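A.B. asks: Starting from these lines, generate the structure:
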Amino acid sequence: MGEHSTAEEGHSLRGPIDRATLLAIREVFNADEPLATAELDDYLNPKRLEVTYDDGLCGADTARIDVQWTTQDDYKFHYTDSCGVNLRWGKHPHNNDYVNVRGLEHYHPPPNASSDPSEVEDSCITQSPEKLVARAVLKLWRVAYHAESISPLNAGSNPP
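C.D. replies: Alright, predicted model coming up:
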């Protein structure tokens, strides 16, 4: 699976990573998704929560969602899989560069999680509490998994 670099996105999350929030999100993934195992990359000083899937979307053998959540409640859920598909749900300032996005919540569509200002979309996830966002990502992933299609990934109603 490809490594993701924050340099790929011209906008950054505000504030330091919120360890307590990542631990809460970890519990949601570990309790509610049997195909996933969620662990912090570093327990004491994490940069991200790594959610490893035993299966992926649309024929991918494996997948991963890397989660970052800051003390300013900015976040990024970045999906990547063994077929090279990438997408992201995010919430952080973007200087109004994304012409199709009304607020902070946005979605970088597959297959490459494009940051092209005309391709980034409003996210269907507009809730703020970390556990609701995590459950929404899980539900969107699960619906896409069963549909064997990437089209449901940003098609949920709020909360999905």
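
A.B. asks: I'd like to know how many residues surround Asp116.
C.D. replies: 12 (other Cβ atoms under 10 Å). Glycine gets a C-beta too; all of them are placed from N, C-alpha and C.

A.B. asks: Name all residues that make contact with it.
C.D. replies: Going by Cβ atoms under 8 Å, 6 or more residues apart in numbering, Asp116 touches no other residue.

A.B. asks: Is it located within a strand, as I assumed?
C.D. replies: No. Counting by DSSP: H, G, I helix; E, B strand; the rest coil, Asp116 falls outside a strand, being coil.

A.B. asks: Ala38: what secondary structure?
C.D. replies: Strictly by three-state DSSP, Ala38 counts as strand.

A.B. asks: could you list every residue that touches it?
C.D. replies: 25-26, 29-30, 49-52.

A.B. asks: what's the pLDDT at Ala38?
C.D. replies: Listed pLDDT for Ala38 reads 98.

A.B. asks: rewinding a little: tabulate the contacts of Ala38 in a markdown table, adding columns for distance to Arg19.
C.D. replies: Compiled in a markdown table, these are given as follows (distance: Cβ to Cβ, whole Å):
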| residue | distance to Arg19 |
| --- | --- |
| Ile25 | 11 |
| Arg26 | 10 |
| Phe29 | 16 |
| Asn30 | 16 |
| Leu49 | 10 |
| Glu50 | 14 |
| Val51 | 16 |
| Thr52 | 19 |
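
A.B. asks: Could you pick out which of these are located in helices?
C.D. replies: Among the contacts of Ala38, the members found in helices (DSSP state H) are 25-26, 29-30.
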